[in-house]
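Visitor: pasted the sequence and its predicted model underneath.
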Amino acid sequence: MKIVVCVKQIPDPADPGSLDPDTKTLKRDVKLIIDESDSYGVEMALQLVDAAGGGSVHLVSMVPNREVSGLRTALAMGADSATLISDEALAGSDALTTAKVLARAIERAEPDLVLAATESTDGYTGVVPAQVAELLGLPSVTFAKEVAVSGGTATVRRQTEAGYDLVECPLPALVSVTAGVVEPRYPSFRGIMAAKKKPVDQLGIADLGLEPGQVGWAGGGQEIVDVAAAPARESGEIVTDEGDAHERVVAFLDELKVL
Amino acid sequence: MRFGLDGDRVAFRDAARDLLARRCGPEVVRAAWSGPPDPRPWQGLTEMGVLSLMAPESSGGLGLDETFLAPVIEEAGWAGLPQPLTATALVAAPLGVADAMVATDLGGPLVPGAGYAEAFLMETGGGLRLYRRDEVDVEPVDTVDRARHCGRVRPTGPGAAVTADPAAAARAFDRGALGTAAELVGLARRMLDLAVGHVTERRQFGRPVGSFQAVKHQLAEARLQIHFAAPAVTYAAYALANRLEDASPSVSTAKWLAGRAAAVCGRAALQCHGAIGYTVEADLHLFLKRSWALTRTWGDGDHHADRVASALGL
């Protein structure tokens, strides 16, 4: 079984990021790491290949400046190979353009299953996995908390507000997994050393049959007109206990859907 | 010339740092004061390959050297890992002793980890022997850092010879002193991090106390000591790995400087925390007491200053 995992490399969320005043986008010229939400997809893929008794895990990542440090982390965890798409023309790409680029790269790998995170930690659009599935004409299953594969069928427990849906779909398919779905393994030192020798195929947009005018700022449908600081947090509601405080707390939590 | 860590060494250190950040928080160190230490950080380090990093490839190790392991041990120092990582991975593993948590009396008569180690590497007449847990008597001794469960260890069984070569035993001591120096640098960094965190948050006269010169100068001085000690540790690891002539005095220089860095950082951190620093509830004391204990083991400051002096013919 061949599984492709979409892996985004992002600036370390622990370091305070900054915006480029010209483009109003996040500066990405710092060291990039693997988006933690993607490490769940990598772990899930490794487990599925193990369970299937064989196969391979291939990573696909679109990134500025041919950065590979985040990919190396995923390769050290046990992924077999990677495709890196890096091209100056891609700067400013919106979600749909990103999906088009990823879809072309994924197609080349001819996977049985594509895994992605639900959303990235730095962009939060949450639409790329579904767009990739649509572009590739694959069934799309979102918010997976458990995935099993057998006999050309994926069985997915799909997280919902009330519990979960049990979904079956034929392969190939694209499944986006939620954080915490599995515990990502720590790369071993042996894995870190082996990762350096694993193949990383570096592609530009021409390799994917795309023109500069179709991608980046030129090809995107988005325009960032303004960026403003998030409004300061308002003071909370103070509940004075007149015997019913617990009910009001429960009602409040219920409204937030955390119960 | 740039003298520092490169590719794999940085990757190993960062991987260990990440694991320890998740599995060995201050609550884990604190819990080890009143019970056996949480096994999960140790398991993680084992699976990662830290314990067998220096074990020969013939026994399933990676066969790498001190320059790879010392930065990892510095991270264990930062985290305050209770278990004897230096003794196991840096002292015992290169001698072919693998697959067990090893405590040793090479660093001093009070054996750290004696309360829970699986094997004991003991100095006997110039050589080294390895004893299983059921081949020794352990008399627990309360020390300033209770997380390490120190004890006096007396062999009662035959044990197995590890080496009869006094030179190999001397190198094992140097490796232990190196690891302890690396831990001390990590501890110095941790105490400084805690102090900086505290003085950034704590406000007086309408501003963070860290903005006052008397505070920030003290912390800058403490940081300077770390910058003196850390390269000495890196060089000592390099000298040991390459069996350079100045390996032993380099280890002594590193241990002495690391002890001083930990002392200066500890004192500055204690003062900058105000009265809170004196309480057992403050995390600082976990690291402060570890640094006091480590400074005095594997040769104290005088011992290592003497070794440097005699190497210089003074």
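Guide: In hand now; what should we look at?
Visitor: now do the end-to-end distance for stretch B:130-148.
Guide: 20 Å (C-alpha to C-alpha, to the nearest Å).
Visitor: report the buried residues of it.
Guide: Neighbour-count burial for stretch B:130-148 flags B:Leu130, B:Tyr131, B:Arg133, B:Glu135, B:Val136, B:Val138, B:Thr143, B:Asp145, B:Arg146, B:Ala147, B:Arg148 (criterion: 16 or more other C-beta atoms under 10 Å in any protein chain shown). All C-beta spots, glycine's among them, are computed from the backbone N, C-alpha and C.
Visitor: would you mind measuring from the fourth one to A:Gly126?
Guide: Yep, that's B:Glu135 we're talking about. In this view, B:Glu135 and A:Gly126 are 60 Å apart by C-beta to C-beta, to the nearest Å.
Visitor: kindly report the same for the first one.
Guide: In this structure, B:Leu130 and A:Gly126 are 56 Å apart, going by C-beta to C-beta.
Visitor: need the contact list for residue 72.
Guide: The chain I'm using is chain A. By C-beta atoms under 8 Å, 6 or more residues apart in numbering or on different chains, the contact list for A:Arg72 reads A:Ile192, A:Ala195, A:Lys196, B:Ala11.
Visitor: that's the wrong chain, I meant chain B
Guide: Going by C-beta under 8 Å, 6+ apart, B:Val72 touches B:Phe12, B:Arg13, B:Ala16, B:Val50, B:Leu53, B:Ala89.
Visitor: then A:Thr73?
Guide: With contacts defined as C-beta under 8 Å, 6+ apart, the neighbours of A:Thr73 are A:Ile33, A:Ile34, A:Ser39, A:Pro187, A:Ala195.
Visitor: could you give the number of residues near the fourth one?
Guide: I take that to be A:Pro187. Neighbourhood size, A:Pro187 [other C-beta atoms under 10 Å in any protein chain shown]: 25.
Visitor: closest to A:Cys169 out of the contacts of A:Arg72?
Guide: A:Cys169 has its nearest neighbour among the contacts of A:Arg72 in A:Ala195, at 31.9 Å by C-beta to C-beta.
Visitor: how about stretch A:114-128 and chain B, touching?
Guide: No - residues of stretch A:114-128 are not located near chain B by C-beta under 8 Å from any C-beta of the partner chain, the shortest gap being 15.8 Å.
Visitor: got the CA positions of that stretch in CSV?
Guide: Taking C-alpha atoms only, stretch A:114-128 is exported to CSV below (Å, rounded to 0.1, in the frame of the first residue of the first chain):
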residue,chain,number,x,y,z
VAL,A,114,-3.8,10.4,0.9
LEU,A,115,-3.6,11.7,4.4
ALA,A,116,-3.6,15.3,5.5
ALA,A,117,-4.2,17.2,8.7
THR,A,118,-7.5,18.9,9.2
GLU,A,119,-5.9,22.4,9.0
SER,A,120,-2.4,23.9,9.3
THR,A,121,-1.2,25.6,12.4
ASP,A,122,-0.1,28.8,10.7
GLY,A,123,-2.8,29.2,8.0
TYR,A,124,-6.0,27.7,9.5
THR,A,125,-7.9,27.7,6.2
GLY,A,126,-8.9,24.1,6.7
VAL,A,127,-10.0,23.8,3.0
VAL,A,128,-6.9,22.5,1.3
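Visitor: residues in contact with it?
Guide: Residues from elsewhere that reach stretch A:114-128 (C-beta under 8 Å, 6+ apart): A:3-6, A:8, A:10-11, A:13, A:17, A:26, A:35-38, A:40-41, A:44-45, A:95-96, A:98-99, A:102, A:106, A:129, A:132-133, A:136, A:138, A:142-143, A:147, A:172-179.
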